[in-house]
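Trainee: Next input, structure requested:
(one chain, ligands or ions: 2)
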Amino acid sequence: MPSTSTASVEGFGDHCFKGAVAKKYLSKYGETDKLLTDVSWPSQPGKADIVAKAVLDWAVDNGASVYCHWFQPMASSGVRHGLSAQVHQTMFEFDKDGKPFFKFTGEALLQGETDGSSYPNGGMRATHRAGGYLSIDPLSPIFLREDTVFIPAAFVSYNGDALDEKTPLHRAVEAMSKEGTRLLKLLGYEVDGLINNIGLEQEIFLVPRHAFYRRPDLQFTGRTIMGKASARGQEMSDHYMAPISRATTAFDCMRQIQMECFKVGIPLKTRHREVAPNQYEFAPLFGNVINQTDQNLMVMQIIEEVASENGLAALLQEKPFAGINGSGKHNNWSIGTTDGVNLLNPKQINAASKNAEIFPIIMAAIVSAIDKHGDLMRLAIASPGNDFRLGAMEAPPAVISTYLGDDMTNYLMAFMDSGNVEAYVPSKKKLAFGANSISEIEVPAEDRNRTSPFPYGGARFEFRAAGSSQNVSLINTVLNTITAEAFAIVADRIEAGETPTAVAQDLLKAHSKVIFNGNGYDPEWPDTAVEKGIWRIDSGVEAIKKFTDSKNTELFEKMGVFTPRECEARRAILLDHYIGTVEMEALTMVDMINQHVIPSCKKAELGFVKKLEDAVKTLTKAVDEMHAAADEAEAASLARVLRLDTMIKIREVCDEAEGLCPPSLWTLASYSELLFLD
Ligand code: ADP
Ligand code: MG
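Mentor: Ligands and ions are numbered 1, 2, ... in the order given. Next up, the predicted model:
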């Protein structure tokens, strides 16, 4: 029986212009919401004016009188305030008497032009040329918050170079769709197109806001640069999925975040406490990658806003605290037809295509893509915060392998050896609880694997190494581009006369080395992986530098995702972002030592002062050396040493001093205050 209560779902999506909401307003102008499901509506004559009128009516009914094109400047990770950009414009004009009247045209809806000069562009624009051009993204619905209508948009330069995260993602999905559709047709399965679906599990910390304000490092950089571990951490495993605290405002905050998301049509389904103290997670129902990526940016913004209204501070950074788990954002990834057949779900694809060969061919193509382009997957997760997570026993190591499970691996290996095509049917088993009163249940024969960066989980891959603060566009741009190339290679070979099975067998022979079903946290694994020839890049900075390797620029160019110039620009921007992050951290550390640690040590008569004064000199010198570096590649390499070597050693001195200092004389908020106030 469906529940009769609608209390918790009432108002879901009221502030999102799609489905029934859009239908209600479009019907006045002789259209339905179907109009919006055809992505070509912006170029159909007269339609934009109709949509603009309907949007205006809806806006006015909901108290909004302002709109903006909402876009995503490059290299967005780790910063606060939602990682997105917007310039608000009124939806009214003034008559000759100066009286305002509502007006919103199709032209204003479709496109915008803005001064993009203060955004990083990696040399793609001469300094004196500032234009940035915006065009509506029909795959991501318009939504409304407070008095403002948000129109998701893509952002390029005057020459059409992508200046944002969204444009390349569209290009990559289109490449995957084009090559995948071509391949499926060769395999006798005609489809209109393919899409990529993702679901993003978002981890965060919620800490008391008053304590947050007593941490310049959290305020400026999102992570604690120093701080003695409290006597209790996560060793009791008593935080994971525990009741959400009511002693603090965390429970109210989580609920309110969910309700705010519901209003704008974001289906946040799951909420729970995570492993570390004060760590939480939200996950939505999965959906189209373009829409989900936008929604995740809004989720991050809403989390920060609602937390501050509840006397909390939300930390989205990957590693806010040393010694306890950091935060990730699992990027669950699948591809399917536009009619909803998931290519990674063997049952669905076999039933829809009536060709059991398709599934192993798709899997072989994806396995080959991971093996060839693990460097790009590593690059895509090289957010500064991930420096502290990968390989630290809380996230997979910096080795890009895939877990398929024994069941699937045996199936693919048998196919590789024999060339015989049988439908893959995942085995199941009965699970007994050993008590008569508890009935046994049926489960997949395969257990989960949490130590692989990219495990297959039945109908999707899960990129588990993504960072919590990342805009996941680049991640999915890479996944779709490398898949597109693999599909193109298989399709080309079939067109050249090889049998599909032979091509897939060949790919598996060459690339199945990247399948690893063991324990990714095993300290021996990274070395073994290198011996096998699997990509391992420990340093995020080194990974970023690979953006312009010829293998990669050629791939991106061939798939129409990035021109070599755009690769060059992105590499520079990602390196600059890293350098900027480390510089802020080092300067914050200098201030914290001078303004807090040294005065506390003096008052408590602890003997650290000389060491700390030397540390400040070391930090200042290192920042100067970064500035003097020949180019951003050299500066980023220096920054990495400063961050992961010099600053960690200096931190040890600060933490030792904190351990000896009476709390009344220590002026920074301690880990206990930040993590154990409930
Ligand atoms: P777990 O923590 O067990 O991995 P969660 O339920 O927390 O699972 O999150 C799983 C995420 O994966 C959700 O966002 C879910 O909607 C998403 N997901 C499930 N199936 C698919 C799929 N076929 N393609 C993409 N994402 C999926
Ligand atoms: Mg997961």
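Trainee: List the contacts of the residue nearest the centre of the chain.
Mentor: The centre of the chain sits closest to residue 472, judged by Cα atoms, centre = their mean, with a distance of 2.9 Å. Remark: with contacts taken as Cβ atoms under 8 Å, 6 or more residues apart in numbering, residue 472 is in contact with 198, 200, 293, 296, 329, 331, 466. From N, CA and C alone the C-beta is placed, and that goes for glycine too.
Trainee: let's go with 7 Å and repeat that
Mentor: Under the criterion of Cβ atoms under 7 Å, 6 or more residues apart in numbering, the contact list for residue 472 reads 200, 293, 296, 329, 331, 466.
Trainee: mean confidence for stretch 663-676?
Mentor: Mean pLDDT, stretch 663-676: 96.
Trainee: What's the local residue count around residue 202?
Mentor: 22 (other Cβ atoms under 10 Å).
Trainee: Hmm, it is touching residue 328, no?
Mentor: No - using Cβ atoms under 7 Å, residue 202 is not in contact with residue 328, being 9.0 Å away.
Trainee: residues shared between the contacts of the two?
Mentor: Between them, residue 202 and residue 328 have residue 468 as joint contacts when contacts are counted by Cβ under 7 Å, 6+ apart.
Trainee: Just want the residue of the chain that's nearest ligand 1.
Mentor: Residue nearest to ligand 1 within the chain (Cβ to the nearest ligand atom): residue 199, separated by 2.4 Å.
Trainee: beta partners for that residue?
Mentor: residue 332 (DSSP bridges).
Trainee: if I pick it, what's in contact with it?
Mentor: 283-286, 292, 332.
Trainee: State the helix or strand in which residue 303 lies.
Mentor: Taking DSSP states H and E as the definition, residue 303 sits inside helix 289-309.
Trainee: Which secondary structure elements does that helix sit against?
Mentor: Applying 3 or more Cβ pairs under 7 Å, 6 or more residues apart in numbering; DSSP states H and E, we find helix 289-309 packed against helix 166-186, strand 194-208, helix 250-263, strand 312-315, helix 473-495.
Trainee: could you give the angle of the longest one to strand 194-208?
Mentor: Angular relation of helix 473-495 and strand 194-208 on a 0 to 180 degree scale: 160 degrees, by axes from the mean of the first three to the mean of the last three Cα atoms, to 10 degrees.
Trainee: could I get helix 473-495 in PDB with only the CA atoms?
Mentor: Extracted C-alpha coordinates of helix 473-495, given in PDB (Å, rounded to 0.1, in the frame of the first residue of the first chain):
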ATOM      1  CA  SER A 473      32.700  17.700 -14.800                       C
ATOM      2  CA  LEU A 474      36.400  16.900 -15.700                       C
ATOM      3  CA  ILE A 475      36.000  13.400 -14.200                       C
ATOM      4  CA  ASN A 476      33.100  12.600 -16.400                       C
ATOM      5  CA  THR A 477      34.600  14.400 -19.400                       C
ATOM      6  CA  VAL A 478      37.500  12.000 -19.100                       C
ATOM      7  CA  LEU A 479      35.400   8.900 -18.500                       C
ATOM      8  CA  ASN A 480      33.200   9.600 -21.500                       C
ATOM      9  CA  THR A 481      36.100  10.600 -23.800                       C
ATOM     10  CA  ILE A 482      38.100   7.500 -23.100                       C
ATOM     11  CA  THR A 483      35.000   5.300 -23.600                       C
ATOM     12  CA  ALA A 484      34.200   7.100 -26.800                       C
ATOM     13  CA  GLU A 485      37.600   6.400 -28.100                       C
ATOM     14  CA  ALA A 486      37.400   2.700 -27.200                       C
ATOM     15  CA  PHE A 487      34.000   2.400 -28.900                       C
ATOM     16  CA  ALA A 488      35.400   4.100 -32.000                       C
ATOM     17  CA  ILE A 489      38.400   1.700 -32.100                       C
ATOM     18  CA  VAL A 490      36.100  -1.300 -31.900                       C
ATOM     19  CA  ALA A 491      33.700   0.100 -34.500                       C
ATOM     20  CA  ASP A 492      36.600   0.900 -36.900                       C
ATOM     21  CA  ARG A 493      38.000  -2.600 -36.600                       C
ATOM     22  CA  ILE A 494      34.700  -4.100 -37.300                       C
ATOM     23  CA  GLU A 495      34.200  -1.900 -40.300                       C
END
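Trainee: List the contacts of it.
Mentor: In this structure, residues lying in contact with helix 473-495 by Cβ under 7 Å, 6+ apart are 72, 165-166, 168-169, 172-173, 175-176, 179-180, 182-183, 186, 196, 198, 289, 293, 331, 333, 335, 361, 365-366, 368-369, 373, 376-377, 380-381, 463, 466, 500, 503, 555-556, 559, 561.
Trainee: Select the longest helix from the protein.
Mentor: For the chain, the longest helix by residue count, based on DSSP state H, is helix 564-592.
Trainee: mind listing what's buried in that one?
Mentor: Neighbour counts over helix 564-592 (16 or more other Cβ atoms under 10 Å) mark 566-583, 585-590, 592 as buried.
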